[in-house]
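1. Below: sequence and its predicted model.
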Amino acid sequence: MKLSICKLVSMARQVSLLGILCAVFWTSAVIALPNNANTSADPAQQSISDLPILRVGVLQFGTINWEMDTIIHHQLDTQRGFRLSVHPFASKNASAVALQSGAVDVIMTDLFWVSRQRGQGKPYVIMPTTKASGGVYTSEEQSFTQLLQQNDNSIGVAGGSVDKNWLLLQAYAKQQELDLFAHFTPKFAAPPLLNRFMMNNELDASINFWHYNARLDAAGFSLTLPVTTMLKSLKIHADVPLLGWVFDEHWAKNQSSLITAFVNASFSAKAILTSQAAEWVRIRDLTKAENEQVFTSLQNNYPDTLLTQFTIQEIAATQQLFAVFAEVGGQELMGTTTEFNANIYWSDALRIWQSQQ
């Protein structure tokens, strides 16, 4: 049977239209393929759930939580290609055990802990972030110098017998040829309890953690013997980086991009907290500030706790302090390691700190 010219043209148009529709459908299907169907997918296209997780152990009520909250709130982690998972612990020992057992990847602790661990052959390193600060607080009526003219004074110490500022005070007194224990009896107690004793005039002086010192500032007490004064008397003229992020150096080599991203996120969070007053309004509940004066004091004192540079000068200052503490702190603080070794620092610490300047 013969088809008319018009019928043939109509059929051809239908076939052509069908081909176009098939081509469009095929192209759309290819575009809609999931990323994992393409082995060369761009990592930047990964969803947040695909990002590697970095687990950080922190003290449950520690001020470091302000920084962690800032990282998460501003997405400083996911912007750098990882997800931050914060694990709170009730004590420094608990967070240290978590690191050693592999329950977390990173903790915040001091370089003396790292030094003791390395003395036992354990490969932990520190990325320094926080400097020695604070000092001896007294009432406005009596300075530390005046108290040294008296006997039977009491001084509260928050960090126990190997608290760094307490040991520093002992070294300072020895350098000044003062018999510290002839004038002061130490009383060791929890930080909030020491502040209560100070407020009730049951202590003549105190050495406490910085955020409790900020509360004393707000209540009218005075930093009458700063850490900087004690350090300078011992010929230590640079800041001493006491605290930092601590992790296994072998893990860090295998996760170089991850730990670098975390450290950079940490720097960015600190920058926000030191420059944006609005951020403090946002985290006010986290600070547990009892009133406006305490809140303002915490905000004003926070920058003074942070290390502003880390160079060979800070490393040399740490070496000097090690020598001082080895003498006054003994094995309880130092463990079997009595000499400073710069291998306690993360191998990338100097480079990353230089990039922040």
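-> It's in. Residues are numbered from 1 along each chain as shown.
2. From now on I want contacts and neighbour counts done on CA atoms only, so please keep to that.
-> OK.
3. could you pull out the helices for the stretch 1-150 of the chain?
-> For the stretch 1-150 of the chain, helices defined by DSSP state H, counting those that start in this stretch occupy the ranges 5-31, 64-73, 92-101, 111-119, 144-147.
4. and the shortest one, what's its mean pLDDT?
-> The average pLDDT for helix 144-147 rounds to 92.
5. Can you name every helix or strand that it contacts?
-> Helix 144-147 makes packing contacts with strand 135-138 when contacts are defined by 3 or more C-alpha pairs under 8 Å, 6 or more residues apart in numbering; DSSP states H and E.
6. Excluding its own residues, what touches the strand it packs on? List them.
-> Strand 135-138 is contacted from outside by 144, 165, 204-208, 213, 216, 221-227, using C-alpha atoms under 8 Å, 6 or more residues apart in numbering.
7. Just the residues you listed: which are in strands?
-> Among these, the subset assigned to strands under DSSP state E consists of 205-207, 222-226.
8. Disregarding residues adjacent in the polypeptide, which is nearest to Gly81?
-> Leu51 (6.1 Å; C-alpha to C-alpha, 6 or more residues apart in numbering).
9. Is it correct that the one you found is in contact with Leu84?
-> No: counting by C-alpha atoms under 8 Å, Leu51 does not reach Leu84; the two are 9.8 Å apart.
10. Which one's more surrounded, those two?
-> Leu84 (21 against 17; other C-alpha atoms under 10 Å).
11. Tell me what that one is bridged to.
-> Leu54 (DSSP bridges).
12. OK, contacts around it?
-> Per C-alpha under 8 Å, 6+ apart, neighbours of Leu84: 53-56, 72, 77.
13. can you check Val56 too?
-> 84-87, 104-107.
14. Turn those residues into CSV, columns for pLDDT.
-> Shown next, in CSV, are the contacts of Val56 (pLDDT from 0 to 100):
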residue, pLDDT
Leu84, 98
Ser85, 98
Val86, 98
His87, 98
Val104, 98
Asp105, 98
Val106, 98
Ile107, 98
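15. out of those residues, which is most surrounded?
-> Most surrounded of the contacts of Val56: other C-alpha under 10 Å gives Val106, at 27 neighbours.
16. and Glu202, that's in a helix?
-> No: read with DSSP: H, G, I helix; E, B strand; the rest coil, Glu202 is coil and lies in no helix.
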